[in-house]
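[1] here is a sequence together with a model predicted from it:
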Amino acid sequence: MASDFLGWTRTLARRFMFAVWLIGAAGVCIEPAWSDEDNHRHSGRTCLIVDTDVATDDFRAFAVLFPHRDLTAVVVTEGISSVPRGSAAIALFLASGQSLAPVIPGLAAAAPPVYDWLPQARMDAERINKFLPQPLTFAVRPHKLKLALAAALQGCRQVDVLVLGPWTSFVHYAPMLRHLTRRVVASGRPLLENNPDNFNCVYDQQACNKADDFLRKTRNAVWVDLPADGTSYPPTTAMVNQLNGAGMPGLLRAALNTDISTWDQTRLWDDTAALYVLNPEHFRANGLHLEPAIDEATLRSEWVKAVNATPDD
């Protein structure tokens, strides 16, 4: 079973590398070939945009959302991953679930802080936690961000935005979508709670400040975080090994088990924000943000159930 899965993944990776080459040669296609069908499918529905910096917990968050919510567009913003390689990694990951959501390369911070741990974390994430032998590279044309997003959202009645990374891209496209946006769900805490560990804010502080000002005016943001103890709600190998062996759960399980040390001392940050999108009743207010109202074991159980779900469930 494992050899069959790895063989399938290598074949998929080869095909994806060829597809990336075609994109680079032909240029970015703003409106996909299936846009007419998608317009009909999106009509009257609440569409979902996920803005991600493609960290390890972002892969887990996407697996939570799929297939419960129909992803309309994925915007990749520099943070843990770079935009070109993060876009390629998340596109390959989504292909394991046969997602048709366009992956739209976003923006990078002009002058981010220097972190001594980031180069290795970036290298690992861009290879889907070292699952790929080397990172792939996506063609990037950041000036096409708003055009590509507008094309992807044709036919949407309203939009939810889940922000899992820095705010660099969001402040560029959010004003354009203001009349459509129902709510913005953000992983982390708002500026007023002054969380010094909030990488998503500190990585591009100027964009974070602009986003905070914008969201105070729109008053449609929900912030989701874990308790401030710094250790609760970690991912575990036990929960990972409960994932199914095929499709997106299978790829996620194989990727996370490639190197456990990159995540076993971390927390279920973005996973928790994704679970809020599906089950807001499991959360309660703590100041200006929400935290899980369920214990760690229950949250991990909900995570496994969400990731293993199929379209027929």
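    Yep, it's here.
[2] secondary structure class for residue 223?
    strand (DSSP: H, G, I helix; E, B strand; the rest coil).
[3] please tell me how far it sits from residue 193.
    8 Å (C-beta to C-beta, to the nearest Å). For every residue, glycine as well, the C-beta is placed using N, CA and C.
[4] the nearest residue to residue 80 once chain neighbours are set aside: neighbour count?
    With C-beta to C-beta, 6 or more residues apart in numbering as the criterion, residue 80 has its nearest non-adjacent residue at 3.7 Å, and that residue is residue 55. For residue 55, the neighbour count with other C-beta atoms under 10 Å is 26.
[5] residue 55 against residue 166, yeah?
    No - assessed by C-beta atoms under 8 Å, residue 55 is found out of contact with residue 166, at 10.9 Å.
[6] joint contacts of the two?
    Jointly contacting residue 55 and residue 166 under the rule C-beta atoms under 8 Å, 6 or more residues apart in numbering are residue 79.
[7] hang on, the earlier thing: out of residue 223 and residue 193, which sits in the busier spot?
    Neighbour totals were compared for residue 223 and residue 193, and residue 223 leads with 26 against 15 (other C-beta under 10 Å).
[8] can you confirm residue 92 is in a strand?
    No - using three-state DSSP, the secondary structure at residue 92 is helix, not a strand.
[9] look up how far residue 135 lies from it.
    Residue 92 is 10 Å from residue 135, where distance means C-beta to C-beta.
[10] so between these two, which is more surrounded?
    A count of neighbours by other C-beta under 10 Å puts residue 92 above the other of residue 92 and residue 135, at 24 against 19.
[11] what residues do residue 223 and residue 193 have in common as contacts?
    Common neighbours of residue 223 and residue 193 (criterion: C-beta under 8 Å, 6+ apart): 288, 289.
[12] if you average pLDDT over the strand or helix carrying residue 88, what comes out?
    Assessed by DSSP states H and E, residue 88 sits inside helix 83-95. In this model, helix 83-95 has a mean pLDDT of 97.
[13] who touches the helix or strand following that helix?
    Going down the chain from helix 83-95, the next helix or strand is strand 103-105, by DSSP H and E. With contact meaning C-beta under 8 Å, 6+ apart, strand 103-105 is reached by 73-76, 83-84, 87, 90-91, 94, 138-142, 144-145, 148-149, 152.
[14] with stretch 165-175 instead?
    Applying C-beta under 8 Å, 6+ apart, the external contacts of stretch 165-175 come out as 51-55, 58, 75-80, 106-109, 145-146, 149, 161, 163, 181, 184, 199-201, 203-204, 207-208, 210-211, 214.
[15] ok, now with 6 Å
    Contact with stretch 165-175 is made by 51-53, 75, 77, 79, 106-107, 109, 146, 149, 163, 200, 203-204, 207-208, 210-211, 214, as judged by C-beta atoms under 6 Å, 6 or more residues apart in numbering.
[16] try stretch 283-293
    By C-beta under 6 Å, 6+ apart, the list of residues contacting stretch 283-293 from outside reads 189, 190, 192, 193, 223, 224, 225, 227, 276, 282, 299.
[17] just flag the most distant two among these.
    The most widely separated members of those, counting by C-beta to C-beta, are 192 and 299 (25.7 Å).
[18] look at these two and report which has more neighbours.
    A count of neighbours by other C-beta under 10 Å puts residue 299 above the other of residue 192 and residue 299, at 21 against 12.
[19] list the buried ones in the host helix or strand of that one?
    Following DSSP H and E, one finds residue 299 within helix 296-308. Neighbour counts using 16 or more other C-beta atoms under 10 Å place 299, 300, 302, 303, 304, 306, 307 of helix 296-308 among the buried residues.
[20] cool, stretch 283-299 as well?
    Buried-residue list, stretch 283-299, by 16+ other C-beta under 10 Å: 283, 286, 289, 290, 291, 292, 294, 299.
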